[in-house]
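J.: Return a 3D structure for these sequence lines:
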Amino acid sequence: MRGLVHASLVILVILPAGLAVQGAQEADTVALFADLQFMRGFLLSYPDSSMGHSVEAVLHLDDVDNVPVWRLCQWGTKHSLAGAPCVRSGHGDFCYENPAKTVIVGEPNSPNRDLVLELRGKLEYGANVRGPGDNWPHLLIEQDAIHLFPLDRLDRIQFDASLRLLYCTNHMTEDQSDPGLHAAQFQMFFIIKNINATSEDRGGYYWFGVPFYDSRYDVPPAYMARDAGKDDATGKFIYTLDGKVTGATSLKEGRWTTLRVDLLPHIKDGLQEAVKRGYLQSSDPAEYAVANMNLGWEMPGTFDAAIQVRNLRVLALPADNMRAAVRGWGD
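T.: This is a model prediction of the structure:
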């Protein structure tokens, strides 16, 4: 922290010590993902997830020079957004919409900032309800990490976001609905991947989940299981936090909820659990990094729903012995 000593002493006079330390740490954090206001647009996936990262269309927010870093994944949909025009609202927002979904990127001063994702499952499912093994529609954003930090070289992985449920409507009757099959879920997942080329687990990974909304609960509970339920499931281990760990309260009341949590200890716990259950062999945090993130809707039930996300941040705080090197990256 050389060069900041005098400023820190002044801050300590006017702020509680804990806030001063937090402010100093913030100066050393590194963003793991780019374009968190989404103003560079999206690379739209094909509805068939087997197409991987192939791009069906570029949603460039009316600027053909935009180079998106986010992928917008619409797996399992019957109504692709490819070909949907970019419509500007009275607030200057960018909107892509078709009968089954809406994506809004809001300007900084708009009531719709930063991102609204709306998925209308009633149109996707029609008169049917999802059965065992059937696919379901997704609407989520995805990005590979721009820096790969071994977990043992970090002091924190700071996650912050504010979310508001705009609405969620269940179109299934009580007789049709099965809580084991049907839900509307809005959540975030990270791929925690082995990046050591000489490891017995090289390339192996597990899913680390941060839940925000689940139509079956006021606050989503912890969940640990194999990724299954459809033909293209990865078979990898899913380790999802209890929503209360992030400070979540029920989104069902439609109020803004602000979440803030250090994910690093929970990610390490998830790694140990993946090894314990036989999904991975190596339990060494030095071999793993946050490699990818996705956030959005999975709709295995006949629901229409929309959520707004603001102030998304995922920041890595390198350990003391790594911070000098990180500061030099921008030189």
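
J.: where does the stretch 201-331 of the chain have low pLDDT?
T.: Filtered on pLDDT under 70, the stretch 201-331 of the chain yields the residue ranges 321-331.

J.: can you map out the strands along it?
T.: Applying DSSP state E, counting those that start in this stretch to the stretch 201-331 of the chain gives strands spanning 205-214, 223-226, 237-240, 257-262, 288-298, 303-318.

J.: what's the closest of those to residue 57?
T.: strand 288-298 (17.5 Å; Cβ to Cβ). For glycine as for every other residue, the C-beta is placed from the backbone atoms N, C-alpha and C.

J.: where does residue 152 land in three-state SS?
T.: Counting by DSSP: H, G, I helix; E, B strand; the rest coil, the backbone at residue 152 sits in helix.

J.: Tell me how far it lies from residue 289.
T.: The gap separating residue 152 from residue 289 is 10 Å, by Cβ to Cβ, to the nearest Å.

J.: hmm, back to that, wait, which of the strands of the stretch 201-331 of the chain is closest to residue 119?
T.: strand 288-298 (4.6 Å).

J.: From the contact counts, what lies against the closest one?
T.: Judged by 3 or more Cβ pairs under 8 Å, 6 or more residues apart in numbering; DSSP states H and E, strand 288-298 is in contact with strand 115-120, strand 138-144, strand 185-194, strand 303-318.

J.: okay, those in TSV with mean neighbour count next?
T.: Compiled in TSV, the helices and strands packed on strand 288-298 are given as follows (neighbours: other Cβ atoms under 10 Å):
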stretch	mean neighbour count
strand 115-120	22
strand 138-144	21
strand 185-194	23
strand 303-318	20
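
J.: CSV for those strands, including distance to residue 69?
T.: Shown next, in CSV, are the helices and strands packed on strand 288-298 (distance: least, Cβ to Cβ, whole Å):
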stretch, distance to residue 69
strand 115-120, 14
strand 138-144, 6
strand 185-194, 16
strand 303-318, 13
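
J.: mind checking which of the ones you listed is nearest residue 268?
T.: Closest approach to residue 268 among the helices and strands packed on strand 288-298 is made by strand 185-194 (9.3 Å; Cβ to Cβ).

J.: before we move on, back to that, same list (the strands of the stretch 201-331 of the chain) but as a markdown table, adding distance to residue 110.
T.: A markdown table is the format used below for these (distance: least, Cβ to Cβ, whole Å):
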| stretch | distance to residue 110 |
| --- | --- |
| strand 205-214 | 21 |
| strand 223-226 | 34 |
| strand 237-240 | 32 |
| strand 257-262 | 19 |
| strand 288-298 | 20 |
| strand 303-318 | 11 |
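
J.: And residue 190, how far from residue 63?
T.: Using Cβ to Cβ, residue 190 is found at 29 Å from residue 63.

J.: can you check residue 142 too?
T.: Taken as Cβ to Cβ, the span from residue 142 to residue 63 is 21 Å.

J.: Could you check how many residues crowd around residue 34?
T.: Counted with other Cβ atoms under 10 Å, the neighbours of residue 34 add up to 12.

J.: how about it, phi and psi?
T.: Main-chain torsions, residue 34, degrees, to the nearest 10: phi -110, psi 170.

J.: List the residues that contact the residue nearest to it when sequence neighbours are not counted.
T.: Ranked by Cβ to Cβ, 6 or more residues apart in numbering and with sequence neighbours excluded, the top spatial neighbour of residue 34 is residue 69, at 4.8 Å. Counting by Cβ atoms under 8 Å, 6 or more residues apart in numbering, residue 69 touches 33-35, 40, 143, 146.
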